Structures are given as structure tokens and as C-alpha cells.
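Student: After the sequence you'll find the predicted model.
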Amino acid sequence: MQRISVKLLVFFALATTMLSAQASRTWVSGVGDDANPCSRTAPCKTFAGAISKTAAGGEIDALDPGGFGAVTITKAITIDGGGGQVASVLVAGTNGIVVSANGATDVVILRNLRINGISQGLNGIQFLAGKNLNVENCFIFGFTQNGINIALNQASPASVHVLNTVVKNNGGVGIRATNAVTPAVQVVVDNSAVILDTTGIEAAPHSRVTLNRSVVQNASSEGLKADDPASDAQITIDHSDVSFNANGITSSTGGSVAVADSKIALNSGTAMNSAGGSIASYQTNRIHSNGAVGTFTPIPQL
């Protein structure tokens, strides 16, 4: 019995030590070292080095400007690059940040980050699993595929909030959302700019996107697109600017779009391109100077 008790004490001591090694707040620095404990006085060098030393629900903060590398996130966490400085993730041939949170209640916050694909990276942010992803005050650019790629396969509810963010110059879609199963993933884009992508924003199968106070411009294909044969892709646009794209808004088979208090102008193709889907336009919109107006359902102002 005494030997068993000693072994149990050793086990609990080791477990306690392992738990205490994960801090609720860790730090990275351009001159840090991943061999450090990631404390404020001994910061780590990369986000990947810090995340293993940060407890679930904790926070990684940048002390100073630096390039902190790609990272895969498998738990609830906040990564904050700090205001007024350059906290960068620069990648080639891979994704910038992958969010594959193990828990259905995990919330991930990415704040104050510059994510640069240098025209060689795949996706800027890849969201594969989790309850909620928040992208706040970030600049995501130069990826060969999508800026923010929401590609879920989960039956539990999920949402994404993109706030005060620029998504620019990506080879695929600026922001693309889909879930392989129901329910539809809920996506909110507020006070943001999606510019110079092939497609600006796409609501693909099982997704619902709300765009508010934002700009979608200079897409070489569609500014916004709702596309889902299962009729579960929706886009709502409010107080936004959809300009200088090829087609402004496209709703293909199964998609539905509603637009209010917005400008759809100077698109070289069709402003409202109903290609098998539906587009509802409230009379508070300004639609002008497009290659063609297109087909939509006008809805009077109430």
C-alpha cells in the first residue's frame, strides 16, 4: 500500500507540474526563443512555440514587432499582435493560421495580425472546427487560394465574425464559407474591406453571410456570390459598397441574396446577376453605372 501511495503522489506531482507549465497568458517577441517559458521577461519566438505553453482559453500576446510564423490552433485561445505594431505571419506553400479546435464550445480570437502569403501561401486563415472564430483588426493578403477559408464539417453550430479587417489580393476567394453538413455556419463581416480577389465573398453550401458597413471591390469575377444547390446559402448586404467588380452580386442555383441601403455601382458586368438563384433589392439601394443591371426582385421601403 505504501508503494502504491508513493506512486500516486509522484503521478499527481508530475500532472501538477505539467498543468502549471501552461500559463493563462504567454508572450512572443521578435528576439524571443521557443526554449523560453514564454513569460513576459522570457518570451518565445513563434506562435507555435507559445501555444503549447498556453492553457486552453488563454492568450498569446506580442511584445514587439516580429514575424511569428504559421500556427495550428486546436483549443480555445486568443492571439493578439498588439496595437500599433507589426505582428506578422508570413508563409509560403502552406496555410497561415489553421483553426481546428477540438471542443465544440471552443472560441478562437485572432486580433491585430498581418498575415502575408507572399503570393505563395495557400489560405490565410483556415477554419476547420470550433464554435466561434473572431478575426479582428487583421490584414490578410497575398495567398494563392482564399484569404479566410471557412471549411467546416461539423453538426454543431459554428459562427465567424470578421471585424475591422482587410482581405486583399488573394488568388481565390477573399472570404469563403461552407459546412459539409447542417446547420449552416453563420458569418458576419462588419466594417471591413475585401479587395482585389478573384471572388470577394462566397456563401457556399450551408452558410449564411451578413455583410454590413463594408467594401467589396475589384474582384475579377463576382464581388459576392451565393451558391448552393441545397438552397442553404444566403447573403444579406446592408450599408455596403459593391463596386468595380466584374459582376457585382451573383446568386446561382439555390442561393439567395437580400440587399438594402447599399451601393452597387461601376461593375463592368452585371450588377445583380440572378443565375438560377434569387436577389431581393430594397428601394434604398443605389444601382448605377454597371455594364448591365440584371434581374432582381424590387422590395419597397417599409
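Tutor: Received, thanks.
Student: Can you name the residues that contact the closest residue to Lys53 other than its chain neighbours?
Tutor: In space, and not counting its chain neighbours, Lys53 is closest to Cys38: 4.7 Å by Cβ to Cβ, 6 or more residues apart in numbering. Where you see a C-beta, it was placed from the backbone N, CA and C, and this is true even at glycine. Applying Cβ atoms under 8 Å, 6 or more residues apart in numbering to Cys38 gives the contacts 23, 26-28, 32, 44, 49-50, 53-54, 60.
Student: Next one: Cys38 relative to Asn285, how far apart?
Tutor: 50 Å (Cβ to Cβ, to the nearest Å).
Student: returning to what we had before: give me the subset of the contacts of Cys38 that lies in helices.
Tutor: 49-50 (DSSP state H).
Student: In strands, which of the contacts of Cys38 fall?
Tutor: 23, 26-28, 54, 60 (DSSP state E).
Student: ok, so of those, who is nearest Pro229?
Tutor: Checking those against Pro229 by Cβ to Cβ gives Ile60 as the nearest, at 40.6 Å.
Student: ok, Gly223 to Gln22 distance?
Tutor: Relative to Gln22, Gly223 is positioned 44 Å away (Cβ to Cβ).
Student: who has more neighbours, these two?
Tutor: Gly223 (32 against 15; other Cβ atoms under 10 Å).
Student: Is that one part of a helix or strand, or is it coil?
Tutor: strand (DSSP: H, G, I helix; E, B strand; the rest coil).
Student: Please tell me I have it right and it contacts Ser240.
Tutor: No: between Gly223 and Ser240 there is no contact under Cβ atoms under 8 Å: 9.8 Å.
Student: quick one: common contacting residues for the two?
Tutor: Val216.
Student: By neighbours, which of the ones in strands among the contacts of Cys38 wins?
Tutor: Highest neighbour count within these, by other Cβ under 10 Å: Val28, with 29 neighbours.
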